[in-house]
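A.B. asks: below is the structure, and that's it, no one-letter string:
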């Protein structure tokens, strides 16, 4: 699982799971999103993801905990929900951009739809 879309999808499954929002947020970010390289994201999403990363690693860790754990621990439940919402928005934008980049089948008056060979009746 190396593509950012796959990582975000897995992170969303954690966010939608059981447990307190702070626990789910910490787990989804540490396990799936923290390893995403900014260069793997579209240019339009790099700054938003960098802002999320800053929010998730803004507090200095104590007693062997990670910066993510410390940052989420200091968040209010509303702040944690806002970060989770940002993850969902990033995933949606990433999917939309990926879909926009894929080739569309030409369907129009000047370009008839192609019929796959296996659907053509042989004589």
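C.D. replies: Received it, and whenever you're ready, just let me know what you need. What you see is a predicted model; the values in this text were computed from it and never measured.

A.B. asks: counting by contacts, list what the longest helix seen in the chain packs against.
C.D. replies: Longest helix of the chain, by residue count under DSSP state H: helix 77-101. With contacts taken as 3 or more Cβ pairs under 8 Å, 6 or more residues apart in numbering; DSSP states H and E, helix 77-101 sits against helix 4-15, helix 21-28, helix 43-56. To be clear about C-beta, it is placed using only N, CA and C from the backbone, and glycine gets the same treatment.

A.B. asks: list the buried residues of that helix.
C.D. replies: By neighbour count, and taking 16 or more other Cβ atoms under 10 Å as the criterion, the buried residues in helix 77-101 are 79, 80, 83, 84, 86, 87, 90, 91, 93, 94.

A.B. asks: looking at the residues you listed, which is nearest residue 17?
C.D. replies: Proximity of the buried residues of helix 77-101 to residue 17, judged by Cβ to Cβ, is greatest for residue 84, which lies at 11.6 Å.

A.B. asks: ok, so what distance separates the closest residue in space to residue 87 that isn't next to it in sequence from residue 67?
C.D. replies: Ranked by Cβ to Cβ, 6 or more residues apart in numbering and with sequence neighbours excluded, the top spatial neighbour of residue 87 is residue 11, at 6.1 Å. With the distance defined as Cβ to Cβ, to the nearest Å, residue 11 ends up 17 Å from residue 67.
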